[in-house]
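**Q** Need coordinates for the following:
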Amino acid sequence: MRNDNARQKEQLERMKQLAKSGKCFFCKENYLAVKASPVIYQSHHWYVKKNDFPYIGSTHHYLIAYKKHITKPTHLNKVAWLEFLKTIRWLEKYTGVKGYSMFVRSGDMRYTGATIDHLHFHFIVGGPKKRHSEIKDNILVTLGHKKTPDSY
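**A** Numbers count the residues shown, from 1 in each chain. The predicted structure follows:
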């Protein structure tokens, strides 16, 4: 868990409580014990919930989390991958959105900007692009940190 990657005060407080307990928030048995948004869909390997701390400007922000504690998508078997695709299909229909973005972070959280080291995917929807939009109109997501001369 990386507390320094938290985006909101309430998120940081929840992370500190979980760190004290030694439990992973996204492991299904722990998730149910924490006051958080409800699971809206689940399959054998995955569950879907709204992100309690959505990115600023998003109209929808869902998390698709693997029920067991793994940290990398390369640890998934074929059955779990097929089930993941079915889960995305369900979420597309559930939201009825015209477009969305998805991402996953994996590996050393100092490089990725992640807060919890448990496999989960973000499903994010914003609004349509404005005619004269600027960078400030985009949903900003940390997917890593800019390299510095000492990181080559």
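**Q** Show me the strands in the protein, by range?
**A** Taking DSSP state E to define them, one finds strands in the chain at 39-42, 46-50, 60-66, 101-104, 120-125.
**Q** Next, count neighbours for Phe26.
**A** 21 (other Cβ atoms under 10 Å). Quick note: C-beta positions are derived from backbone N, CA and C, even for glycine.
**Q** Skip the chain neighbours and tell me the closest residue to it.
**A** Using Cβ to Cβ, 6 or more residues apart in numbering and skipping residues adjacent in sequence, the residue nearest Phe26 is His118, 3.9 Å away.
**Q** quick one: contacts for the one you found?
**A** His118 is in contact with 24-27, 65-66, 69-71, counting by Cβ atoms under 8 Å, 6 or more residues apart in numbering.
**Q** what about this protein, any weak spots by pLDDT?
**A** Counting by pLDDT under 70, the chain shows low-confidence ranges at 1-8, 10-12, 14-16, 18-19, 31-35, 109, 114-115, 142-146, 148-152.
**Q** Could you pull up the residues touching the residue nearest to Phe84 when sequence neighbours are not counted?
**A** Leaving aside its chain neighbours, Phe84 sits nearest to Trp46 (6.2 Å; criterion: Cβ to Cβ, 6+ apart). Trp46 makes contact with 64-67, 80, 83-84, 87, according to Cβ under 8 Å, 6+ apart.
**Q** quick one on the thing from earlier: pull the most distant pair out of the contacts of His118.
**A** Farthest pair in these (Cβ to Cβ) is Phe25 and Ile70. Separation: 14.4 Å.
**Q** between these two, which one's more packed in?
**A** For the pair Phe25 and Ile70, the greater number of neighbours falls to Phe25 (22 against 15), based on other Cβ under 10 Å.
**Q** neighbours of Ala65, just the number please.
**A** Neighbours of Ala65 using other Cβ under 10 Å come to 23.
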